[in-house]
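In: Provided below are the primary sequence and the corresponding predicted coordinates.
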There are 2 protein chains.
Amino acid sequence: MKPSAKIPAPPPLEGNHSKVLKRAPGGAFEWAGIALEAYKTETADYKGITRRELVGKRGESAKFHVRYFEIAPGGYSTLEKHEHEHVVIPLRGRGEAQAGCYVWNVGPGDVVYVSPSDPHQFRCPEGAAEPFGFLCIVNADRDRPTPVDGLGACRICE
Amino acid sequence: MKPSAKIPAPPPLEGNHSKVLKRAPGGAFEWAGIALEAYKTETADYKGITRRELVGKRGESAKFHVRYFEIAPGGYSTLEKHEHEHVVIPLRGRGEAQAGCYVWNVGPGDVVYVSPSDPHQFRCPEGAAEPFGFLCIVNADRDRPTPVDGLGACRICE
């Protein structure tokens, strides 16, 4: 490329081309053009949780999706299970990650792996100073979650 | 589970079960039991870069792998291309992400998507105050990279 021959326009968010989602200035976990979405609509067994789809829903061909979730103080995700795995990496605040009988207190940079079929839930403690925000990576092709009652089929307890 | 009936031992790092990699206290991007590895051994077209395998190399069944890379000031990854996609999410410092003709200056919380076959490279500027550290997520099943000379086949320049 000759110097200053062309300066390409920034690539659009939609499409299977290289692109960058720039995080908002000032430390917020927001990205221009990325909508804040409801966590889910199927059940009501959750509280105070939002989702942003970062990679996988705009034409990208990777075999995984990357999302950013935030749980407000006192909030929690559905206690559920499914065959697909989760990798959760907190970026903001602190929270509880439950998988099977284990409950871990986790914060930025910890890496949570939830194996197939383990009942799991993510929670932000009541009274926490800030929301619990985390990346959640899942297979692009995945089964639907099933809510579980209590701990469900935990191989440690049974 | 009866209260205090059993307190399970922390799960081992190896195996396809739920687990947490706890980041080291004090802000370092290190995780107990996770080795610091050489970036690669096939070529020498890179400088000052290390890798930690976080998820995918210890029995986990997800269709993606999660790694943490760090590039020292003045360092860079190989300028290369491959059919599989990259998602790169900086956690520490700032660096340059090049994909095709685009060069982005990126920092914590930005989300870089490199589409199939785009030549790409990640760099930490000479004189940077700290290393450029980032998560890199790839398909578990992926092709090998090919080094490219210069920008290679860039659809913007050609």
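Out: Received it, and whenever you're ready, just let me know what you need.

In: for chain A, what are the low-confidence residue spans?
Out: The model of chain A has pLDDT under 70 over residues A:1-8, A:40-44, A:150-158.

In: can you point me to the longest strand in chain A?
Out: Criterion DSSP state E: the longest strand present in chain A is strand A:64-76.

In: packing partners for the helix or strand following it?
Out: Later in the chain than strand A:64-76, the nearest helix or strand by DSSP states H and E is strand A:80-81. Using 3 or more Cβ pairs under 8 Å, 6 or more residues apart in numbering or on different chains; DSSP states H and E as the contact test, the elements touching strand A:80-81 are strand A:120-123, strand A:146-147. To be clear about C-beta, it is placed using only N, CA and C from the backbone, and glycine gets the same treatment.

In: How far away from the center of its chain is strand A:80-81?
Out: Using Cα atoms, centre = their mean, to the nearest Å, the distance from the centre of strand A:80-81 to the centre of the chain it belongs to is 15 Å.

In: now do stretch A:21-28
Out: Relative to its chain's centre, stretch A:21-28 lies at 17 Å (Cα atoms, centre = their mean).

In: Secondary structure class of the residue most central in space within chain A, three-state.
Out: Chain A has A:C136 as the residue nearest its centroid, 3.0 Å off, counting by Cα atoms, centre = their mean. Of the three states, A:C136 takes strand under DSSP: H, G, I helix; E, B strand; the rest coil.

In: Can you say which of the helices and strands packed on strand A:80-81 is nearest to A:H17?
Out: The closest of the helices and strands packed on strand A:80-81 to A:H17 is strand A:120-123. By Cβ to Cβ, the value is 32.3 Å.

In: can you pull the contacts of A:H82?
Out: Contacts of A:H82 were listed using Cβ atoms under 8 Å, 6 or more residues apart in numbering or on different chains, and they are A:116-117, A:142-146.

In: again but with A:H86, I slipped
Out: By Cβ under 8 Å, 6+ apart, the contact set of A:H86 is A:112-114, A:120, A:136-138.

In: Now do the strands in chain A.
Out: Under DSSP E, chain A gives strands at A:19-21, A:37-38, A:47-55, A:64-76, A:80-81, A:86-92, A:95-99, A:102-106, A:111-114, A:120-123, A:132-139, A:146-147.

In: and the last one, which strands flank it?
Out: Based on DSSP bridges, the pairing partners of strand A:146-147 within the sheet are strand A:80-81 (antiparallel).

In: Next one: the residue nearest to A:I137 when sequence neighbours are not counted from B:L135, what distance?
Out: Spatial nearest neighbour of A:I137, excluding adjacent residues (Cβ to Cβ, 6 or more residues apart in numbering or on different chains): A:V87 at 4.4 Å. Distance of A:V87 to B:L135, computed by Cβ to Cβ, to the nearest Å: 10 Å.

In: same question, A:L135
Out: 8 Å.
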